[in-house]
Each structure stands twice: as structure tokens, then as C-alpha cells.
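In: A structural model of the following input is requested.
(2 chains)
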Amino acid sequence: MLYREAGQFKTSYAADQQLFPIRQDRIGILILLAVVFLVIPGVAGDYWFSAILIPFLIFSLAALGLNILTGYAGQLSLGSAAFMAVGAYAAYNFQLRIDGIPILVSFVCAGLTAAGIGILFGLPSLWIKGFYLAVATLAAQFFIVWCLTKFPWLSNYSSSGVISTQPLIIFGHAFTSPQEKYLLVLTIVAVMALAAKNMVRSSTGRAWMAVRDMDVAASVIGIRLMPVKLLAFAVSSFYCGVAGALYAFCYLGSVEPDGFSLDMSFRILFMIIIGGVGSILGSFLGAAFILLLPVFLDIALPWAARLLGLPFSSATVSHIQVLVFGALIMFFLIVEPHGLARLWQITKEKLRLWPFPH
Amino acid sequence: MFKHRMSALTAAVSIALLSQAALAAEEQFFPVLSYRIGPYGANGQSFFGGFVDYLSYVNLKENGINGVKITWEECETEYNNAKGIECYERMKDKAAISTGPIHPMSTGISYALIDKTVADKIPMAMVGYGRTDAVDGSVFPYAFPLVTTYQMQASAIIRFLKEKEKGHLEGKKIVFLYHDSAYGKEPIVALQEEAKLNKFELTVIPVAHPGNEQGAQWLKIRQENPDYVVFWGWGVMNQTAIKAAQKIGFSRDKIVGSWWAGSEEDTVPAGDAAKGYMSATWNVAGKDVPLIADIEKVVYGAGQGNLGNTSKIGTILYNRGVSAAVLSIEAIRKAQEKYGKGKAMTGEQVRWGMENLDISDARLKEIGATNLLPEIKTSCDNHEGSGKIKIQQWDGTQWVVVSGWIEGNKGLIHPLFKASAEQYAKEKGMTPRDCAKEM
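Out: Here you go, the predicted model:
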């Protein structure tokens, strides 16, 4: 009843081509944006901003970047964390070396730097596919981290290799409180997510999907593989690069190359697998699952143990948390191999028929 | 909605805590950012086991700090920066009322918390690790790299080798083999300065993380044939290096490791190869320290021990955890002297206590910790307070101390910290405190 598009007639091309063609979706997105921009900043505390929401948004953006490459263009990559590292260090160096460069410009430049390096490491994708490509992108992961450690110029000759990010000042206003940082990250992520949503339904996005589904067929119908694949690498790395810059400037405040480890790349990959490969929404759901569930278990398990009077030491609770987390991942993958986004899609389809299923 | 859920949760947790703590009037809260699982979980279990055991010990033995009961809450960081921040943010509100210093036991987490701890007025101790230029308290008011830093440690190791060579290292060859990370790179500046001063030849050889393959590095060491190897290893890298040294026939008693490369976890897996290997340490191992024996008796006797595996009591890392807790409790005692005995101290007051620590050998004897750790006296421009280490040697079954307390070359190393802290202050656009006015 509530979620039905019957009676919504599209009378113009513009109406037919809009980002969210169903009215309920448009209203839903507007309400969501209103809540995250207007309501949450008023009610959430520092803990929610600095420990939950900001990392969630940043990792959603990184997962979105990987989803463009893996989910839409079908190129498996294990180098997302390295591209984040490029973004973080590039933004730091742009700020450091170019006097008076606005921070947002250096974020964009950081994304472009990551895109350039992404294209370089995307070159092998022209010859190899699938798991072999994943191994080739693994090279990016190790090479970039090695490179950042090897050349002290990149970390401004800091004796430890750790960089401390410069203050965030936009139009003379310093973003210092977690709330302000949240709004900044949220704005960037929202704009980039909508851009991604728009991009994947454009001719570029359709070319990516054609390549993903069968690259021989795609080239037969006239899609040139090289620019399409490299563009996917560039866009994906741009997203990861901006996420990396935000990670350094808005979340941690100081980063070291080792922080962008293979482990982090895997986490981003798990996010899109759990959330849904080839879905914008899936990137957000996956990031939420991978980041927030451990925190929730961490708080809930000791509480439950105390309630039941179980004599668990904190080490045991930590181990149980890992067990439960792993079991839940397996459960979701068995129940819904296409990810959480697919669950949402099924719900929407059910709602369309409700209350008269056939 | 979020606030509601959070406050409901905190309420539930605090009710559970209250019923446990028998409603003591004054309580000193300790946020414990521990790691007991993950890649360094084995190390964390010993360290935080010792840390928490000492807190229980003070509660049982003396009924708290001058009557103020100690409470604590643990949060698992897994040695992961993001998780560390999450834990910190979670405990922050509670720590606003009263807090002991935070010991993240991770360089990465401590770097990430430096700015936050200043804003929230929560002191952070990085005992023997962390951002080393925080020795300069005028720029880093809330960060305390207590006892020793990597640079001072490296300098002290050089001094040890110099004494071993009867006073001069001229013309000697020393290889610095290090974990290629922030941790391993920090001592390089100090060693370069020492090389200039003592006229020895320094070769630096990095090992990529995790360091379980060091064939190429040790081949190079064989070619160089140095007189000594100073070794900054970590985790699995340590046993690999010891085994590799045996393979190429490099005498283990010419290798001196840092204190991260000198625990039972490093030598036992290397087996016979580790015999003769030396490392620096800022606390001694063993149960013959009266305090450690007493903790075992009092805390484990009362069935309140934190360790599941009591064989870890008296290991180097367990004793290190106890030492870190001793420093924290002494800082709170000091703060109570100024701000009121028998009261819970806020982060700001504990910070003052840490900046005015004065733990003499007499005081260490009083608490039964003679020789467990060196004497410490901190001030505004010296947040390190000691800079002394001992050298220990593995005899095949246990660590044996082979030197007295050795102090690094402060005159050489501390100006390096000062310069680095000044650069940090400039980058962040902040004005350092005037240490002459603090007292």
C-alpha cells in the first residue's frame, strides 16, 4: 500500500530520467538526509561522532570506491587501503608544500593523485583477470606502503614516519569539534555517493557493467576495454583517495604507512561482499556491519555476561566477540549471498505487493 | 534516539558496577585500553595482567590509594588504532570525573590520542614507547613517555657497548637492524649522533613488517661483519633474527635488542639459538622482587588474579605491567598530596602528579619494588624522568641482568626531542607553555 508506484506517471523525459524515479524513494532519501544533517548533529554525543559516525562514513566512501571497481566494473582489487594511504599522504603534502591551498582543493588533488596511481596499477587489468588481477593489485598494496616508508620526503622527514595532519580550516573557519568534522565528512560523502549513484546508471556505468558481465561481448558491441577499465580504476582510486584524506584529517589526525595495511584492504573488501557487490547502498550497509557490529558486541557481551552472572574475563569476552562476529558473517553469507543490499531489495519487492501477495 | 540508547546502556553498566563496588564514597577510575587478542595478544595478556593485578593489590592491601578505592574498566583495542580510539571515546565521559593515566601500549594509538587527550584533559603514559619528543612537556602537557624512550635507550646501549670495549668505540662497526616502522626508525637519529661522537661506523638495515624472512639482511650482516648488532625488532621478527644469526654463525652475545625484543616470548621460541642474546630492559624479570611475590600471595590468594595462566607471573612483560601500574598509582598519590588526601583525582590533577613524580630508591623499597624499575623524577621539561635501562642476557632458560642502570647521553639526545617538539608546535600553530613558570 505504502510502497507502490501505481499512479505515478512520468510525463517528461526529465521525470523519467531522475535519480530516484519512485516518489516514495525520493521522500525517503530527503527524510534520511534531513535526519543525518539536521537531527543527528543535535542529539548525538562526542562518542557517536568520533568513534562511530565519522569512521562509518569514511569507510563507506572507501567501500563505495571499491564497489565501483569490483562491483560495477568486475575488476577484483586488494589495494584499496594503499590508495587511501596515497590520498592521506598526498593531502598532507599538498597542504604542507603549497602555501595557502584550501583544504578542500587539496582533498580533490589527493583524490586525483590516487586516481593517477590507480590507473598505473590498473594497467595489468588489460591483460589479466579475476584472481590473477587481485594478486597484481596486491603489488600496489605492498609497493605503496613500502614507498611511503622508504622516501622520507613524503612524510616531511619525520623521524618516525608518522605524519600529523594540519588543522582543518575552510573559509577561515576551523573545524575542530567532532560535530563539525562529522558535518564536513557527511557533506563530502553524501555528494560523492549521489555522484556515484548517478554515474553507474550513465553510459559509463553501463559500459562498466557490460565489461563486468562479459568483456568479450562488451568489446564486440563496441565498448573499448582499455579506457573503460582504466576509468573504473581511476574513479575507484579517486574515491578511496578522498576517503584516505578524510581518514587522516577528520578521523585519526595522525597516520603512519603501516596503518594502511593489507588487513584494512581486506576489511573494505569484506564490507562490499557483506553489503552487496554492485550496489551503492550495499557499501553503506557493509561498512555499518563490519564496523559497528564488533562495537555493539563489545558493549553488549560483557553486559550480558554480567547479567547472567557468567565469570568471563575480559580476554574471554574478546575472544567470544570475534567468534560471534565470524559466525554472523557466515550466517549472512549463507542466508543471503548477494549481501545486505539484496535483503533490502527483497523487502521493497514484498512491500510493493503487500498486502496482496500473489 | 542515539542519546537515549547510550544513556540507557551507561545506566545499566553503571548500576552493574555500583553493585559490585559496594558503594565506596570516593573512587579512582582507570580506563584500561588493553589488548588480549590479535597479533600482539600474548604480550598484552602479560602486560595488562600485571597492570590490573597491581590495581587489585592496592585495593586489597591498602584499601585503595589513601582509602580511595580503585575501579577500572577494560576495553579491547586489538592493537588497532581505530579500535583504540573507539575505546577511548567510550570511556572518556567516565574518565572526566576521575581518571588514572591511560596506557595504550601501542605507538599508533598513542599518536592518535595525543591531541584528544589534551582537549579532554586525560593524561596518557607511554612508558618506554610512543611519541618520544613528548619528553618536552612544554609542548605536550598531557603525554608522558615515562622512564625511557627509544632514543635514550639506543644511546644507553651504545654506552654499554663502549664500556664493554673499555671506553672507546673508535673504528668499530655497528649494524642497526630495525623493524621498518615508526618504532624502528626513531632511534636512527640518536645512533647517527652517537656515531659522530664516538667515531664508530653505523650501517642501518631495515626489515619489512612482519619480518619472518630475513635471509637477505643477515647475508648483508655477514658481508659487513660488524662488531655489534643493535636490534630493534618486534613480534615474530625477534625469534627469526636470533635463528638467522645462528645460521650465519654470528655470535648472539654481540646482539643487543631493544626492550620490545627482550621478553620470554622472543627467546623461548628461538630455542638454543637465543642463548647469549642480550636486550635492553627498563624493568627486571623474576619473582624475587618482593612486590611481585606479594602480589601473587595477596591477589591470587584472594582469588582475584587477572591472569588465567599463573606461570606468566614474574615474566618480563608481567613485571612491566606492574611497573606501569606502580608509576600510575604513585602519580595519583603525588596528586593527592597537593589536592587533598583521600579524594578521587581528576585527569588534570593526575597530570600534575605525573609531572612532579619523584620516586626514589627509598620509596621503591617501601613498596617492595627495589630494582624493579629505575628511580624517576619528572618535571615540566622532562616528561621522561629517568632514561635509564639495564642490559639483560638470556641464559637459555631465563633473563639474567648483566649491568647496572645505564643512563643514555641526555645532553646529546634531549636537544633532539626539543627540536622535534618545536617543529610540532610550529606545524600545529600552538604556543608552548613556559616551564619556568610551572612549579
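
In: And the strands in the stretch 151-300 of chain B?
Out: B:173-179, B:201-207, B:228-232, B:255-257, B:278-281 (DSSP state E, counting those that start in this stretch).

In: Mean neighbour count, mean pLDDT and distance to chain A added to those strands, as CSV?
Out: Using the backbone N, CA and C atoms, a C-beta is placed for each residue, glycine as well. Shown next, in CSV, are those (neighbours: other Cβ atoms under 10 Å in any protein chain shown; pLDDT from 0 to 100; distance: least, Cβ to the nearest Cβ, whole Å):
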stretch, mean neighbour count, mean pLDDT, distance to chain A
strand B:173-179, 24, 94, 10
strand B:201-207, 18, 93, 8
strand B:228-232, 26, 94, 12
strand B:255-257, 26, 94, 19
strand B:278-281, 26, 93, 19
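
In: Please report how far B:I37 lies from chain A.
Out: 5 Å (Cβ to the nearest Cβ, to the nearest Å).

In: Can you read off the backbone torsions of that residue?
Out: Per-residue torsions, B:I37: phi -130, psi -180 (degrees, to the nearest 10).

In: Please apply the same query to B:E407.
Out: phi -100, psi 140.

In: So what's the residue count around the nearest residue to it once chain neighbours are set aside?
Out: Of all residues not flanking B:E407 in the chain, B:K388 sits nearest, at 4.8 Å (Cβ to Cβ, 6 or more residues apart in numbering or on different chains). Using other Cβ atoms under 10 Å in any protein chain shown, B:K388 has 21 neighbouring residues.

In: contacting residues for B:K388?
Out: By Cβ atoms under 8 Å, 6 or more residues apart in numbering or on different chains, the contact list for B:K388 reads B:V147, B:T148, B:A156, B:W282, B:P374, B:E375, B:W405, B:I406, B:E407, B:G408.

In: In helices, which of those fall?
Out: Among the contacts of B:K388, the ones falling in helices (DSSP state H) are B:A156.

In: Export the contacts of B:K388 to CSV and append columns for neighbour count, distance to B:G171 and pLDDT.
Out: Below are the contacts of B:K388 laid out as CSV (neighbours: other Cβ atoms under 10 Å in any protein chain shown; distance: Cβ to Cβ, whole Å; pLDDT from 0 to 100):
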residue, neighbour count, distance to B:G171, pLDDT
B:V147, 28, 33, 90
B:T148, 28, 28, 89
B:A156, 26, 22, 94
B:W282, 24, 31, 89
B:P374, 23, 32, 91
B:E375, 15, 35, 91
B:W405, 15, 28, 91
B:I406, 20, 22, 93
B:E407, 15, 25, 91
B:G408, 26, 22, 91
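
In: and B:T240, how many neighbours does it have?
Out: Using other Cβ under 10 Å, B:T240 has 23 neighbouring residues.

In: mind checking how far the residue lying closest to B:G41 once chain neighbours are set aside is from B:N306?
Out: Distance criterion Cβ to Cβ, 6+ apart; nearest residue to B:G41, sequence neighbours excluded, is B:Y35 at 6.1 Å. As judged by Cβ to Cβ, to the nearest Å, B:Y35 and B:N306 stand 14 Å apart.

In: what is in contact with these two at once?
Out: B:F48.

In: Those two: which is more packed in?
Out: B:Y35 (29 against 23).

In: Contacts only, for the residue nearest to B:G41.
Out: B:G41, B:G44, B:F48, B:E76, B:T77, B:E78, B:Y79, B:M105, B:S106.

In: my guess is the last one meets B:A82, correct?
Out: No - applying Cβ atoms under 8 Å as the test, B:S106 and B:A82 come out as separate, 11.7 Å apart.

In: just to revisit the earlier point, now pLDDT and secondary structure too, for the contacts of B:Y35, in JSON lines please.
Out: Formatted as JSON lines, these follow (pLDDT from 0 to 100; DSSP: H, G, I helix; E, B strand; the rest coil):
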{"residue": "B:G41", "pLDDT": "81", "secondary structure": "helix"}
{"residue": "B:G44", "pLDDT": "88", "secondary structure": "helix"}
{"residue": "B:F48", "pLDDT": "93", "secondary structure": "helix"}
{"residue": "B:E76", "pLDDT": "87", "secondary structure": "strand"}
{"residue": "B:T77", "pLDDT": "87", "secondary structure": "coil"}
{"residue": "B:E78", "pLDDT": "83", "secondary structure": "coil"}
{"residue": "B:Y79", "pLDDT": "84", "secondary structure": "coil"}
{"residue": "B:M105", "pLDDT": "88", "secondary structure": "coil"}
{"residue": "B:S106", "pLDDT": "86", "secondary structure": "coil"}
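
In: Show me which of those residues is closest to A:P41.
Out: Among those, B:T77 lies closest to A:P41 (Cβ to Cβ), at 27.8 Å.

In: Just give the nearest non-adjacent residue to that closest one, would you?
Out: Nearest non-adjacent residue to B:T77 (Cβ to Cβ, 6+ apart): B:G84, at 4.2 Å.

In: Now for the chain: which helix has the highest residue count?
Out: I went with chain A, as the question did not name one. Ordering each helix of chain A by length in residues (DSSP H) puts helix A:280-308 first.

In: try chain B instead
Out: From DSSP H, the single longest helix across chain B is helix B:316-339.

In: So which bits of that helix are buried?
Out: For helix B:316-339, the neighbour count (16 or more other Cβ atoms under 10 Å in any protein chain shown) marks B:316-336, B:339 as buried.

In: what about it, average pLDDT?
Out: In this model, helix B:316-339 carries a mean pLDDT of 93.

In: Only the C-alpha atoms, please, for that helix, written as CSV.
Out: C-alpha atoms of helix B:316-339 as CSV (Å, rounded to 0.1, in the frame of the first residue of the first chain):
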residue,chain,number,x,y,z
ILE,B,316,59.4,-9.6,31.9
LEU,B,317,56.1,-8.3,30.5
TYR,B,318,54.1,-9.1,33.6
ASN,B,319,56.6,-7.2,35.7
ARG,B,320,56.5,-4.3,33.2
GLY,B,321,52.7,-4.1,33.6
VAL,B,322,53.2,-4.0,37.4
SER,B,323,55.8,-1.3,36.9
ALA,B,324,53.5,0.8,34.7
ALA,B,325,50.7,0.5,37.4
VAL,B,326,53.2,1.5,40.1
LEU,B,327,54.0,4.7,38.2
SER,B,328,50.3,5.5,37.8
ILE,B,329,49.5,4.9,41.4
GLU,B,330,52.5,6.9,42.6
ALA,B,331,51.4,9.8,40.4
ILE,B,332,47.9,9.7,41.9
ARG,B,333,49.5,9.7,45.4
LYS,B,334,51.6,12.7,44.5
ALA,B,335,48.5,14.5,43.2
GLN,B,336,46.6,13.6,46.4
GLU,B,337,49.4,15.3,48.4
LYS,B,338,48.7,18.5,46.6
TYR,B,339,44.9,18.4,46.0
